[in-house]
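Participant: model this:
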Amino acid sequence: IGLRFDFANVSINGKDYGLYYLEERYEKRLIENNGFREGIIFKINDDGLNIYGMKKISEVKSLSNQLNTLRRLVNSFLTDKIEANKLFDLKKFASLCVVSDIMGQKHAILRDNVRFYFNPITNLIEPIGREWGYLKKGVLSKLRKSNDNITSLTIQSPDQRVMHDTKLKKDKVLKKLIDSFQFEEQYIHEAKILSNEAYLDSIININQDQIDLLLNKIHKHNPFYIFPLGVIHDNQEYIRNIIHTSLPDINVFYNQADENVITLDVENLLDLPIEIQYCTYNSQKIIFPSKRILLKSKHKASVNIQKINMNHDGKID
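Facilitator: Alright, predicted model coming up:
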């Protein structure tokens with residue numbers, strides 16, 4: 001869900017206050033403009049949900065029922081009764097986080113800034129991204145140290161150099177979402193798409209006329225502003241290099257084995273989760289696990305791999 005926005009020169013009683021950012025607010029027209037059915041828009045506070053348009057919701061039975069469902073699901077998630085995919089639209093949250101990472105900051109996904117929409121069709125919460133900060137090459141350059149890239153992936157360990165990263169990882173609600181395997185897997189899937197330089201450039205080309213109109217308004221206020229596309233491309237490249245790691249940095253130690261199960265002690269040294277898809281013995285015998293084995297980043301675990309025999313054609317018996 002995207003907000004309509006614009007830039008406007010503001011003058012009050014003849015005094016020029018410069019260029020202001022104009023942003024759509026949170027009500028029915030925002031949802032309808034994005035092609036969705038009217039639903040609950042809210043913010044998550046430390047003491048609960050801050051609901052927009054509460055007066056109307058209390059007067060419309062369908063909206064009141066939606067609110068009751070929303071509150072029940074949120075409570076179930078926070079008390080570990082349901083998993084993240086039963087409350088959040090993981091694909092859309094992952095896309096929001098990847099875009100924020102490509103922008104080199106976490107400001108847009110902090111709970112104080114993001115707003116939420118409860119989709120009455122899917123019964124899932126969707127994010128309304130906003131407060132993206134701004135892209136200015138000089139500001140980003142000051143934050144960089146030598147050749148380090150200040151971008152970090154939302155699913156990586158907190159990086160003190162990335163603005164608001166540590167604050168995001170301490171948020172009890174968003175951290176619970178971000179730390180789920182389901183979100184991490186969806187994030188990597190979306191990152192593979194959105195970190196493609198050609199994909200981003202195609203979006204810019206399609207919207208070039210609108211971008212030029214906005215840049216013209218900026219240039220009247222700051223004629224030296226240059227849209228830092230190169231910085232965005234650098235951040236995309238950093239993300240690509242992370243998610244396309246060809247050699248997983250893991251330690252694996254034999255623990256024990258019986259007739260059907262092999263137990264291994266595995267340490268994941270990466271900043272990303274890994275999936276163990278198979279094991280090999282003496283570079284010949286291939287052993288496939290009977291179910292998915294996932295291991296979080298910087299985590300140690302003993303994993304049991306049930307032996308599945310292979311026939312002479314290389315197929316599972």
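Participant: Going by C-alpha atoms from here, please, whenever you check contacts or count neighbours.
Facilitator: Fine.
Participant: Please enumerate the helices of the protein.
Facilitator: Shown for the chain, the helices assigned by DSSP state H span residues 28-33, 54-59, 61-78, 90-102, 137-143, 165-170, 172-178, 181-194, 197-206, 208-221, 229-243.
Participant: now these as a markdown table including mean neighbour count and distance to Asn304?
Facilitator: Below are these laid out as a markdown table (neighbours: other CA atoms under 10 Å; distance: least, CA to CA, whole Å):
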| stretch | mean neighbour count | distance to Asn304 |
| --- | --- | --- |
| helix 28-33 | 16 | 47 |
| helix 54-59 | 13 | 51 |
| helix 61-78 | 16 | 28 |
| helix 90-102 | 22 | 29 |
| helix 137-143 | 12 | 44 |
| helix 165-170 | 18 | 30 |
| helix 172-178 | 17 | 26 |
| helix 181-194 | 19 | 19 |
| helix 197-206 | 12 | 40 |
| helix 208-221 | 14 | 53 |
| helix 229-243 | 18 | 26 |
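Participant: These: which one's closest to Glu126?
Facilitator: Checking the helices of the chain against Glu126 by CA to CA gives helix 90-102 as the closest, at 6.6 Å.
Participant: wait, doesn't Thr154 sit right on Val98?
Facilitator: Yes: between Thr154 and Val98 there is a contact at 7.5 Å, judged by CA atoms under 8 Å.
Participant: closest one to Tyr17 among the helices of the chain?
Facilitator: With CA to CA as the criterion, Tyr17 lies closest to helix 208-221 of the helices of the chain, at 10.7 Å.
Participant: mind exporting the closest one as CSV, just the C-alpha atoms?
Facilitator: Taking Å, rounded to 0.1, in the frame of the first residue of the first chain, the C-alpha atoms of helix 208-221 are listed here in CSV:
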residue,chain,number,x,y,z
GLN,A,208,10.6,8.7,-15.2
ASP,A,209,8.1,11.4,-16.0
GLN,A,210,6.8,11.5,-12.5
ILE,A,211,10.3,11.4,-11.0
ASP,A,212,11.3,14.4,-13.3
LEU,A,213,8.3,16.4,-12.0
LEU,A,214,9.4,15.8,-8.4
LEU,A,215,13.0,16.6,-9.2
ASN,A,216,12.0,19.9,-10.8
LYS,A,217,10.3,20.9,-7.6
ILE,A,218,13.3,19.9,-5.5
HIS,A,219,15.7,21.8,-7.9
LYS,A,220,13.8,25.0,-7.4
HIS,A,221,14.7,24.7,-3.7
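Participant: quick one: average pLDDT of that helix?
Facilitator: Averaging pLDDT along helix 208-221 gives 92.
Participant: just the angle between it and helix 197-206, please?
Facilitator: Angle of helix 208-221 versus helix 197-206, following axes from the mean of the first three to the mean of the last three CA atoms, to 10 degrees, is 80 degrees.
Participant: Do you know the pLDDT at Gln277?
Facilitator: Looking at Gln277, the pLDDT reads 82.
Participant: same deal with Ser246?
Facilitator: With respect to pLDDT, Ser246 has a value of 65.
Participant: With the one 4 residues further on instead?
Facilitator: At Ile250, the pLDDT value in this model is 84.
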